[in-house]
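Peer 1: how would this look folded up:
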Amino acid sequence: MLRKIRSIASALTVVTATCLATGAPAQDALLTLEDVKRISPNAQDAFAQALVDASEVFEDHGITTRLRMAHFIAQVMTETGGLKRLDENMNYSYATLMRVFSRRTISEPKARAIARQPQQIANWVYGARLGNRGRDTQDGWNYRGSGFIQLTGRANFRARGAEVGLPLEDQPEMARQAREGLAAALAYWSARDINAAADDHDRLRVRKLVNGPAAHGYDQSVIWFNRAWLRVFRDKEALGFEGAIALAENQTQAPDDSALFDNILEQSGIVPKDQPATEAGLEEREAALRQFQTELGLPETGELDDATQEALLDPREWRHLDDTAIADAPLVRDPEASVTFDFSDEPMTAGAPVALTAFAGTGIMAEATRLSPQALSGLGDASAIYSEYEMGGRSVTPEMFLPFSVIGEDERVAVINTTTFPERAVVQILFESGFGQSLCSGTMVSPDTVLTAAHCIHSGTISGRTYSDFLVIPARNTGSSPFGECRAQQAYVLAGWTESLSPEDARYYDLGALKLDCEVGEATGWMGVALLDAQQEGAQTVVRGYAADKSPPGRQWKSEDSLRVLWDLKGFYQNDTFGGTSGAPVYLATEDTVLVGVHTNGLHGAAPWSDHNAFTRITPERLERVRQWIGGGR
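Peer 2: Numbering: from 1, shown residues only. Below you'll find the predicted structure:
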C-alpha cells in the first residue's frame, strides 16, 4: 500500500534535533550526523545534516526501523557516490568517456572534442533521451542525474515532481538542493513501497525498485549496505527487533566486499571477465588497475586500495551500463519485430497474408444481437485503461489518473448506427488488466484480426505484464452486439513495446493486434491499412472509437481534426478522445475505409506530446508486420 505523501510544506520542515521525537538519548536515535560520517567519511556535511534533520519526515514515510533506514541510506550512498554530490559528475576525461559510453552514444572524435567539458558532455549523451528535447538544447545538462535518489532526464524530473508536488521540470536545480532533493527521494521511495522490500531484506528487489529491472549498481548498493549495517545499525538494538534482522546479520558476517569490487571491475570493463588467478593473470590485473588509476588521477599502486575502492563506488561505474547493454548486447531484437502471446491451447495455423485493402463485408448480423450475460457482467465494472507513459509512471493507477484528451470544446459526434460500413469494422475490446476489467477500441483488418494499441495487450517495458481474457465486440451499440462476440486466441505487439527500458522509449512502439477465434470480419468487413506521406501533413484526420466518458456506455464516437505534426513513428493531432478510445482507427477524411494509424494517448510530457493527442504511425516496416499478424503470426 502506498503511504500518504506528506505536504511539501511539512516535508521540507527542518528538524534540528538529532534525537527521536520520543526524547530518546542521541546514541539511540535512528540516524545521527556521526552515523552518516561513519558510513561515508567523505559525505558532504550539508547533505548528511539534511538526512539527520528530516527525522519527522522519515517517520511520515515509514522509515522508522533499522532495516528500512539501512536500506534507504545504502541506496542514497549508491546514487550519490557516498553523498559527495547531488548532481551527476559529467567531468569525464577522454579515456573515461570511451570506457563508460557505447560507440552508439559517442564516437572517438566526439569524445576527444568534448572531453572535460561537463555541459557539452551532458547535452550530448542525454540530450535526445529520457524526454529531453535534443542535443541542441540545454536539457541534457539541466536534467542530468540529480538528487538523493538520482533522476535523469526531463520526463523523470516531471514525473518525480508530480509525485512530490515540486516544479522540478521547470526548476531542475531544486532536485540538486538538499531538502528538496531528499523530499523527492522519499516520495519516490514511498510511491514504490520500497519499505516492503526492505522489511524482507530483499536487497536485489530494493535495487530494482530504485534503479529499474536491470538493477545496475547492485554490487555498490550491497557494499554500502554492509558498511551501514556493520558500522552503525547493527549496534542499535535498543531501537527494536525486526523480522529480517537475522537475515541481515547472516549476510553481513565478515562480508567479502572484495568479491563485490571484483564484479564492479569486470562490469565496468576495467579488468577482463574470468581472469585466471595465475601469475600472468595477476600481472594483467595489476596493469589494468594502474591504467584505471591513471585514468582518474589516482596514486598508481596497482592495488585495490581505499582510493580505488572509493572511485569504484562512483555512480559513473554503473550509471551508463544501460547505454552499453542497448548498444552491444547481441540478443536484443529489432524493436519493430513481433512478440506473440498465446491464449488458447489450440494450435494456430499460418495462412497466406491478405492484401491490406478495405472489404465492406456481407453485413449479415448475428441471430442474437443482445450482449451476452458474460459481456454485460464484465462491462458493468469496466473502465478505461491508459498507457504508463501517459499516466506518468506506475505509481499512478487508472482510478487516480485525470486524462487530458478533450482539447478545448468537445466536438465528438455519436455514431447512432453501427451496422453500416466502415462503422461496423470498429470494435470494443474488454479484458482483464490487473486493475479489473478494462476497455479499449480496435479495428478489423482481416476476417479474424483486430489492430489495436499495444498498451491494450501488455503494460509495456521489460518489467511489464500481459493482459488476459480478451472479449471483442464488433460494432457494439450500447446494449447491442449486432455481429456477436469473439475471443482472442493470440496477441501480437512490437518488440519495442515489451523490451524498452522506459515507458518514454516504449511509446514509439505502441501497436499490436489480436487474432480471434471467429471470422466475424466476413460480416463486418475490414478497413485497409496504408502509409502516410509527409505531404499529407495538415490533412483532415478522423478517429472513431468507444470513449468511456460518454453516456450511455458502449456507444461509438467520431472526432475530427487535422494532422498537425508527423514524426517517423508517431503522428499528432487535436482530435478529441478519451480513455477507451485507445486502439481506435485513425484515418483521413478523404479515405474513410483505410486507416493510417492507431490512436494511443492524450496529452502528457513535453511538446508536441503536451498539446496534442497522438497515434502510432503505420510505417513500411509496420505494414509488413501487420501482414504477418494477419497471416497467422509469428
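Peer 1: Which elements pack onto the host helix or strand of Met69?
Peer 2: Assigned by DSSP states H and E, Met69 belongs to helix 66-80. When contacts are defined as 3 or more C-beta pairs under 8 Å, 6 or more residues apart in numbering; DSSP states H and E, helix 66-80 sits against helix 33-39, helix 45-53, helix 194-199, helix 203-211, helix 218-231, helix 245-251. No exception for glycine: its C-beta is placed from N, CA and C like everyone else's.
Peer 1: winner for burial among those helices?
Peer 2: Counting by mean count of other C-beta atoms under 10 Å, helix 218-231 has the highest mean neighbour count of these, with a mean of 23.
Peer 1: for Ser107, phi and psi?
Peer 2: As for Ser107, its main-chain torsions (degrees, to the nearest 10) stand at phi -90, psi 170.
Peer 1: same deal with Glu88?
Peer 2: Torsion angles, degrees, to the nearest 10, at Glu88: phi -70, psi 130.
Peer 1: OK, contacts around Arg617?
Peer 2: Residues in contact with Arg617 (C-beta atoms under 8 Å, 6 or more residues apart in numbering) are 532, 566-571, 596-597.
Peer 1: One more: Gln220?
Peer 2: 78, 260, 264, 312-313, 315, 317-318.
Peer 1: Go again with 6 Å.
Peer 2: Contacts for Gln220 (C-beta atoms under 6 Å, 6 or more residues apart in numbering) come out as 78, 313.
Peer 1: same question, the one 10 residues further on
Peer 2: Residues near Leu230 by C-beta under 6 Å, 6+ apart: Thr252.
Peer 1: Distance of Gly442 relative to Gln556?
Peer 2: 12 Å (C-beta to C-beta, to the nearest Å).
Peer 1: Look up which residues are beta-bridged to Asn601.
Peer 2: Ala614 (DSSP bridges).
Peer 1: what about it, neighbour count?
Peer 2: 28 (other C-beta atoms under 10 Å).
Peer 1: Without its sequence neighbours, what residue ends up closest to Ala175?
Peer 2: Ser146 (4.0 Å; C-beta to C-beta, 6 or more residues apart in numbering).
Peer 1: And the pLDDT at the one you found?
Peer 2: Per-residue pLDDT puts Ser146 at 94.
Peer 1: if we can go back for a sec, now the angle between helix 203-211 and the helix holding Met69, please.
Peer 2: 50 degrees (axes from the mean of the first three to the mean of the last three C-alpha atoms, to 10 degrees).
Peer 1: and Leu182, how many neighbours?
Peer 2: Counted with other C-beta under 10 Å, Leu182 comes out at 25.
Peer 1: pretty sure it contacts Ala48?
Peer 2: No. If you go by C-beta atoms under 6 Å, Leu182 and Ala48 don't touch, sitting 11.1 Å apart.
Peer 1: residue ranges with poor pLDDT in the stretch 351-500 of the chain?
Peer 2: 351-354, 395 (pLDDT under 70).
Peer 1: Tell me where it has strands.
Peer 2: In the stretch 351-500 of the chain, the strands defined using DSSP state E, counting those that start in this stretch lie at 383-384, 413-415, 426-432, 437-446, 449-452, 468-474, 486-494.
Peer 1: Kindly state the beta-bridge partners for the residue nearest to Ala175.
Peer 2: Residues in beta-bridge contact with Ser146 (DSSP bridges): Asp87, Leu151.
Peer 1: Now do the same for the nearest residue in space to Pro118 that is not next to it in sequence: its pLDDT.
Peer 2: Counting by C-beta to C-beta, 6+ apart, Pro118 lies nearest to Met90, which is 3.8 Å off, once chain neighbours are set aside. What the model reports as pLDDT for Met90 is 93.
Peer 1: Give me the distance between Met90 and Trp124.
Peer 2: For Met90, the distance to Trp124 - C-beta to C-beta - is 10 Å.
Peer 1: How about Ala191?
Peer 2: 31 Å.
Peer 1: now swap in Arg231 and tell me
Peer 2: Relative to Trp124, and taking C-beta to C-beta, Arg231 is found at 39 Å.
Peer 1: likewise Ala197?
Peer 2: 35 Å.
Peer 1: just Asn132 next, same as before
Peer 2: Using C-beta to C-beta, we find Asn132 at a distance of 11 Å from Trp124.
Peer 1: do Glu300 as well
Peer 2: Going from Glu300 to Trp124 by C-beta to C-beta gives 30 Å.
Peer 1: Looking at these two, which is more packed in?
Peer 2: Trp124 (22 against 12).
Peer 1: returning to what we had before: out of the helices and strands packed on helix 66-80, which comes closest to Glu537?
Peer 2: helix 203-211 (39.7 Å; C-beta to C-beta).
Peer 1: need the longest helix for the protein.
Peer 2: Scanning the chain for the helix with the most residues, using DSSP state H, yields helix 279-296.
Peer 1: buried residues in that one?
Peer 2: Residues of helix 279-296 classed as buried by neighbour count (16 or more other C-beta atoms under 10 Å): 285, 288-290, 292-293, 295.
Peer 1: possible to save those residues as TSV with pLDDT and distance to Glu388?
Peer 2: Shown next, in TSV, are those (pLDDT from 0 to 100; distance: C-beta to C-beta, whole Å):
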residue	pLDDT	distance to Glu388
Arg285	88	43
Ala288	89	41
Leu289	91	42
Arg290	91	46
Phe292	90	39
Gln293	89	43
Glu295	88	39
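Peer 1: and which of the residues you listed is nearest to Thr96?
Peer 2: Glu295 (5.9 Å).
Peer 1: Skipping its backbone neighbours, what lies nearest the closest one in space?
Peer 2: Nearest one to Glu295, counting by C-beta to C-beta, 6+ apart, is Ala95 at 4.6 Å.
Peer 1: just to revisit the earlier point, closest to Arg176 out of the buried residues of helix 279-296?
Peer 2: Glu295 (26.1 Å).
Peer 1: quick one: that closest one from Ala491, how far?
Peer 2: From Glu295 over to Ala491 the distance is 49 Å, taken as C-beta to C-beta.
Peer 1: again, but for Asp469
Peer 2: 12 Å.
Peer 1: Quick check, Ile121 in contact with Asn91.
Peer 2: No. Using C-beta under 6 Å, Ile121 is not in contact with Asn91; the gap is 7.9 Å.
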